[in-house]
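Peer 1: For reference, the sequence and a predicted model appear below.
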Amino acid sequence: MMLRVLRLGRAQRVSQYFKNIAPGIFLQELINRPGAIGAICPSSRYLARQMARQIPDSKDGLIVELGGGTGVITRALLDHGVAPEKLKVIEFSAPFVRRLRQRFPDVEVIHGNAADLCDLLPRNTKICAIVSSLPLCSLPEPITQSILEQWRTLLHDGGVAIQFTYNLRLPKWRRLVDAQQTSSQFVWANLPPANITTFSFHSIKLTPPSHECT
Ligand SMILES: C[S@@+](CC[C@H](N)C(=O)[O-])C[C@H]1O[C@@H](n2cnc3c(N)ncnc32)[C@H](O)[C@@H]1O
């Protein structure tokens with residue numbers, strides 16, 4: 001009897017996991033836009049939890065998640081104590097946006113391109129952290145460049161950018177980040193293993209003609 005209850009509990013957890021990661025949508029998006037997905041499956045909850053732990057303790061300002069996908073990192077951010085009204089999720093793919101809005105009705109999910117981040121957020125918003133799972137290695141370089149430019153503009157006053165990558169050597173986009181690396185750590189419990197890096201743009205002087213947030 002006990003064994004049956006345990007098995008039932010495990011089966012329910014497994015079915016909930018698959019419901020949450022929505023493998024059908026993920027696979028379809030991966031086939032349709034492999035470069036924009038840049039991963040063979042959603043992040044593990046270990047990676048998601050480690051990403052959330054990089055958020056500064058003060059949590060003063062908005063937390064902006066880039067590339068919400070099926071919501072693994074969104075879930076981890078909320079579980080970490082981020083208030084839903086302080087979290088903005090930016091996602092490019094319409095099927096993922098629908099899924100995220102369904103799964104997190106209290107969180108604002110913005111259907112847009114992270115390369116236009118300044119225009120997607122309210123003016124003069126204080127940002128505590130940008131939490132990104134964008135596939136910077138597989139996006140076209142001009143897009144990556146303009147995404148990093150947005151981070152630089154939005155975080156020059158404080159706050160951190162948190163990004164993971166599967167490229168455990170120095171990925172190409174790292175040379176484009178004009179910021180101070182504040183931490184780096186590996187997460188082995190992910191397929192494939194990933195490296196989380198945090199950046200601070202605070203001490204970096206803005207040089208014209210940088211993108212202006214208006
Ligand atoms: C590697 S998946 C990460 C999904 C999820 N956060 C996770 O960790 O499993 C990358 C996500 O970034 C989104 N994405 C790619 N380019 C984007 C862009 N320019 N603006 C916003 N989202 C983008 C993709 O649609 C996809 O959902």
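Peer 2: Here it is on my side, so go on.
Peer 1: C-alpha from now on. contacts and neighbour counts both.
Peer 2: OK.
Peer 1: Flag the shaky bits of this structure, pLDDT-wise.
Peer 2: 1-3, 5-6, 8, 14-21, 203-214 (pLDDT under 70).
Peer 1: who in it is up against the ligand?
Peer 2: Counting by CA under 6 Å from any ligand atom, the chain comes close to the ligand at 36-39, 42-43, 66-73, 90-93, 112-115, 133-135.
Peer 1: now, which of those residues lie within strands?
Peer 2: Secondary structure defined by DSSP state E assigns Leu66, Ile90, Glu91 of the residues of the chain next to the ligand to strands.
Peer 1: Now, of those, which are buried?
Peer 2: Leu66, Ile90, Glu91 (16 or more other CA atoms under 10 Å).
Peer 1: could you show me where the strands are in this structure, in order?
Peer 2: Ranges of strands within the chain are 62-66, 87-91, 108-111, 127-132, 160-165, 180-187, 194-200, based on DSSP E.
Peer 1: residues near the spatially closest residue to Asn113 that is not a sequence neighbour, how many?
Peer 2: The shortest distance from Asn113 to any non-neighbouring residue, by CA to CA, 6 or more residues apart in numbering, is to Phe92 (5.4 Å). Counted with other CA atoms under 10 Å, the neighbours of Phe92 add up to 17.
Peer 1: same question, Ser184
Peer 2: Neighbours of Ser184 under the rule other CA under 10 Å: 14.
Peer 1: give me the beta-bridge partners of it?
Peer 2: Ser184 has the following beta-bridge partners by DSSP bridges: Thr197.
Peer 1: So the residue nearest to Asn113 is in contact with Gly112, correct?
Peer 2: Yes: assessed by CA atoms under 8 Å, Phe92 is found in contact with Gly112 at 5.0 Å.
Peer 1: what is the most centrally placed residue in the chain paired to in the beta sheet?
Peer 2: Central residue of the chain (CA atoms, centre = their mean): Ser132, 3.0 Å from the mean position. According to DSSP bridges, the partner residues bridging Ser132 are Leu66, Gln163.
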